[in-house]
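Asks: Let's see this in three dimensions:
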Amino acid sequence: LLRHYERLIQHLTPCLAQIESWGMPVSMDALNATDKFLIGRLDAKLAEIHKFKPGLRPGSNDEVAKYLYEELKLPIYEPLKAKKTDGPSVEASILSKLKDKHPFVPVLMEWRTLDKLKGTYVDKFRKTIIKGRVHALLNPDGTKTGRISSSRPNLQTLPGGRKGLKEEAKMIKAMFRPTEPDWIILQLDFSQLELRVAALLCGDAKMAAIFKSGQDYHLSSAKLVAPVAWNMKPENVTKAERDKVKEVVFGLLYGMTDKGLATRMSCSIQEAQRLRAAIFGGFPNLHIWYEACQVYAKKYGRCLTFWKGDPARRRPLLDIADPSSFDASTGREFLTAAGSKARNAAVNTPVQGSASDFMLMALVEMVREIVESEWPARVIMSVHDSAIIECHKDFAPFMYAYAKETMEKQGWGDVPIAVDGEAGPSWGELEKMEKWLAAYFELPEGHKLDLTTEPRVRVTKPDGTKTAWTSAEDVGTHVYDDFNATVRGVVAQLVAA
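Replies: Residues are numbered from 1 along each chain as shown. Sure thing, here's the model as predicted:
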């Protein structure tokens, strides 16, 4: 643990302080446009609500409850958590159960969602802007697994376009855009990081082989377990089977029970059990590691994360050995709520906590290099497995290549770490990095481009075929002091060929 402190943790505070100081750039014009758009949407929904009940205030729980249960006579459901006030609940989970009972309910839900978006991501954000930037706090101990969290305001929970909010989510993220001329946003994401970390921790050769091959991991897994799971030939596996395997694999990494898996996949408990058994049978080392995590946590009352193969962090899990989880009269063990949570953490924390350090170490290295080299770039936020950077567009090709290499080199063992990149004028207007680079270096229509810091270049043609990684020396072009000029020379040769 001391070694991990010396390698990473002691360097983390100045790194996060620098990211907080740089802050996220906010366009006031974009914020005001988003505010106006949401007000228009809210007014339209309010007009629909008043067609059902004139004068109703949709933000008033008392008025809504009276209309739903006294006038419309809709069924009353008990909330999952005890209410602080008397009377039937109108919280979101209850409204979702009522949405098919009367057409008023979906309209009310939309109004409340839009009202929450405006209050959380426009009104509150407006109060935190200082000279065109939001300086959110980054908390290194904000989660029990080791991930950093964000607060005042929380920039890690911006809407992601789900639940029919694609347009609103894009506008809210688009508020975050560089205010300096010719600066853009880069976002680099670890690809399937937690799954790759699980493969590293368990040492399963089949998992490592799939990642090395570059194939679709979940499709390959589905083909591997198909004969056992569905009595099906591997070549007959479809997207439906792939998606089920994906759900089970991630469910296992979060310690989910068979009942939880069945609920998540809308299938029987028997099918969930069969899938779990098939996956553990297909990846035996994953099964051994999974059980070992539970045994270790029960024996020592804690779990560990790992970094470069060494123990890194320790998380107490005292509830995993809760005495109340054993029925002496029958000799059977049952799970209390606290015990169940601890068992989930015994598997999830080693994966998620170890994965978080990949991002933290990369952030430390990138921030240090940017400051010391005085690059025209800033790391402005980290959201779980991604780093968000703003930089001058002419520096973006090199910054992307450097950040990608820095993140990918954090791995160890036989499992390759992969990083995907995006770029655009704002956080809400990003496109794949290969496409952005092709446009920047003026490649013909339909081509894509990827590069490294050497630089080496790889072009993807419209038919999907890719050139080999190519340097200036490989094609006999001049190596310029300017990174972009060298890349242009190599690209010109590759396209001509």
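Asks: Quick one: mean pLDDT for stretch 476-492?
Replies: Stretch 476-492 carries an average pLDDT of 89.
Asks: what's the answer for stretch 130-142, then?
Replies: 91.
Asks: And for stretch 430-442?
Replies: Mean predicted confidence for stretch 430-442 is 95.
Asks: Same question for stretch 396-408.
Replies: pLDDT averaged over stretch 396-408 gives 97.
Asks: what does stretch 59-75 give?
Replies: Confidence over stretch 59-75 (mean pLDDT, whole number) is 90.
Asks: contacting residues around it?
Replies: Contacts to stretch 59-75, defined as Cβ atoms under 8 Å, 6 or more residues apart in numbering, come from residues 53, 56-58, 76, 87-90, 98, 101-102, 104-105, 108, 112, 115. All C-beta atoms are positioned from the backbone trio N, CA, C, and that covers glycine.
Asks: What subset of those is buried?
Replies: Members of those that pass the buried threshold by neighbour count (16 or more other Cβ atoms under 10 Å) are listed as 53, 56, 58, 88-90, 98, 102, 104-105, 108, 112, 115.
Asks: Pipe those residues into TSV and attach secondary structure and distance to G353 per row.
Replies: Output for the buried ones among the contacts of stretch 59-75, formatted as TSV (DSSP: H, G, I helix; E, B strand; the rest coil; distance: Cβ to Cβ, whole Å):
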residue	secondary structure	distance to G353
K53	coil	49
L56	coil	47
P58	coil	41
P88	coil	41
S89	coil	35
V90	coil	38
L98	helix	39
H102	coil	45
F104	helix	45
V105	helix	40
L108	helix	40
R112	helix	35
D115	helix	36
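Asks: List just the nearest of the residues you listed to S27.
Replies: Of all the buried ones among the contacts of stretch 59-75, S27 sits closest to D115, with 22.9 Å by Cβ to Cβ.
Asks: On the pLDDT front, check the closest one for me.
Replies: The predicted local distance difference test score for D115 is 95.
Asks: doesn't L42 make contact with it?
Replies: Yes: the pair D115 / L42 is scored as a contact, 6.2 Å apart, by Cβ atoms under 8 Å.
Asks: Give the phi and psi angles for P75, as a check.
Replies: The phi/psi pair for P75 (degrees, to the nearest 10) reads phi -60, psi 150.
Asks: ok, M399 - contacts?
Replies: M399 makes contacts with L186, W375, A377, I389, C391, as judged by Cβ under 8 Å, 6+ apart.
Asks: Quick one: distance of the helix or strand harbouring it to the chain centre.
Replies: Using DSSP states H and E, the secondary-structure element containing M399 is helix 396-408. Put simply, helix 396-408 sits 19 Å off its chain's centre (Cα atoms, centre = their mean, to the nearest Å).
Asks: list the buried ones in it?
Replies: Along helix 396-408, the positions that meet the burial threshold by neighbour count (16+ other Cβ under 10 Å) are A396, P397, F398, M399, Y400, A401, Y402, A403, K404, T406, M407, E408.
Asks: residue ranges with poor pLDDT in this protein?
Replies: Low-confidence segments of the chain (pLDDT under 70): 1, 80-86, 160-164, 321-336.
Asks: if you set the cut-off to 50 instead, what comes out?
Replies: When the per-residue scores of the chain are filtered using pLDDT under 50, no range remains.
Asks: Going by distance to M175, which of the buried ones among the contacts of stretch 59-75 wins?
Replies: Using Cβ to Cβ as the measure, the one of the buried ones among the contacts of stretch 59-75 that approaches M175 most closely is D115, at 17.8 Å.
Asks: residues touching that closest one, list them.
Replies: For D115, the contact set (Cβ under 8 Å, 6+ apart) comprises L42, P58, G59.
Asks: quick check, nearest of the residues you listed to V475?
Replies: Nearest to V475 among those, counting by Cβ to Cβ, is L42 at 57.8 Å.
Asks: Which two among the contacts of M399 are spaced furthest apart?
Replies: Largest pairwise distance in the contacts of M399, by Cβ to Cβ, is 12.4 Å, between L186 and W375.
Asks: so what sits against both of those two?
Replies: With Cβ under 8 Å, 6+ apart applied, the overlap between the contact sets of L186 and W375 consists of C391, M399.
Asks: and these two? which has more neighbours close in?
Replies: Neighbours around L186 and W375, counted as other Cβ atoms under 10 Å, are more numerous at L186. The numbers are 26 against 16.
Asks: Hmm, K393 and that one touching each other?
Replies: No: if you go by Cβ under 8 Å, L186 and K393 don't touch, sitting 10.0 Å apart.
Asks: Give me the secondary structure label for V379.
Replies: Following DSSP: H, G, I helix; E, B strand; the rest coil, V379 is assigned to strand.
Asks: for the one 10 residues further on, same thing?
Replies: When classified by three-state DSSP, I389 comes out as strand.
Asks: Tell me what it is bridged to.
Replies: L186, V379 (DSSP bridges).
Asks: residues touching it, list them.
Replies: I185, L186, Q187, L188, M366, A377, R378, V379, I380, M399, A403.
Asks: if we can go back for a sec, want to try a markdown table for the buried residues of helix 396-408, with distance to A47 as columns?
Replies: A markdown table is the format used below for those (distance: Cβ to Cβ, whole Å):
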| residue | distance to A47 |
| --- | --- |
| A396 | 45 |
| P397 | 49 |
| F398 | 52 |
| M399 | 48 |
| Y400 | 46 |
| A401 | 52 |
| Y402 | 52 |
| A403 | 47 |
| K404 | 49 |
| T406 | 52 |
| M407 | 48 |
| E408 | 52 |
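Asks: who touches S27 in this structure?
Replies: Residues in contact with S27, defined by Cβ under 8 Å, 6+ apart, are G132, M175, F176, R177, T179, S426.
Asks: how far away is it from I172?
Replies: Counting by Cβ to Cβ, to the nearest Å, the separation of S27 from I172 is 12 Å.
Asks: one step back: okay if I get the buried ones among the contacts of stretch 59-75 as TSV plus distance to Q273?
Replies: Written out in TSV, the entries for the buried ones among the contacts of stretch 59-75 read as follows (distance: Cβ to Cβ, whole Å):
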residue	distance to Q273
K53	48
L56	48
P58	44
P88	37
S89	34
V90	38
L98	33
H102	38
F104	41
V105	36
L108	40
R112	39
D115	43
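Asks: And the furthest pair within these?
Replies: Going by Cβ to Cβ, the two entries of the buried ones among the contacts of stretch 59-75 that are most distant from one another are P88 and D115, at 20.9 Å.
Asks: Would you mind pulling the contact partners of the helix or strand hosting P227?
Replies: Mapping P227 onto the secondary structure by DSSP H and E places it in helix 217-229. Applying Cβ under 8 Å, 6+ apart, the contact partners of helix 217-229 are 192, 195, 206, 210-211, 213, 232-237, 241-246, 249, 274-275, 277-279, 281-283.
Asks: Which of those fall in helices?
Replies: Among those, the residues falling in helices (DSSP state H) are 195, 206, 210-211, 213, 241-246, 249, 274-275, 277-279, 281-282.
Asks: Of those residues, select the buried ones using a ChimeraX command.
Replies: In ChimeraX, a selection of the buried entries from the ones in helices among the contacts of helix 217-229 looks like this (16+ other Cβ under 10 Å):
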select :195,210,211,241,242,244,245,246,249,274,275,278,279,282
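Asks: Go ahead and confirm K448 touches M433.
Replies: No: counting by Cβ under 8 Å, K448 stays clear of M433, with 9.0 Å between them.
Asks: related to what we said a few turns ago, what are the buried residues along the helix holding P227?
Replies: Y217, H218, L219, S220, S221, A222, K223, L224, V225, A226, A229.
Asks: Throw the residues you listed into JSON lines and include distance to A297, thanks.
Replies: What follows is these, written out as JSON lines (distance: Cβ to Cβ, whole Å):
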{"residue": "Y217", "distance to A297": "27"}
{"residue": "H218", "distance to A297": "28"}
{"residue": "L219", "distance to A297": "32"}
{"residue": "S220", "distance to A297": "30"}
{"residue": "S221", "distance to A297": "26"}
{"residue": "A222", "distance to A297": "30"}
{"residue": "K223", "distance to A297": "33"}
{"residue": "L224", "distance to A297": "28"}
{"residue": "V225", "distance to A297": "27"}
{"residue": "A226", "distance to A297": "33"}
{"residue": "A229", "distance to A297": "28"}
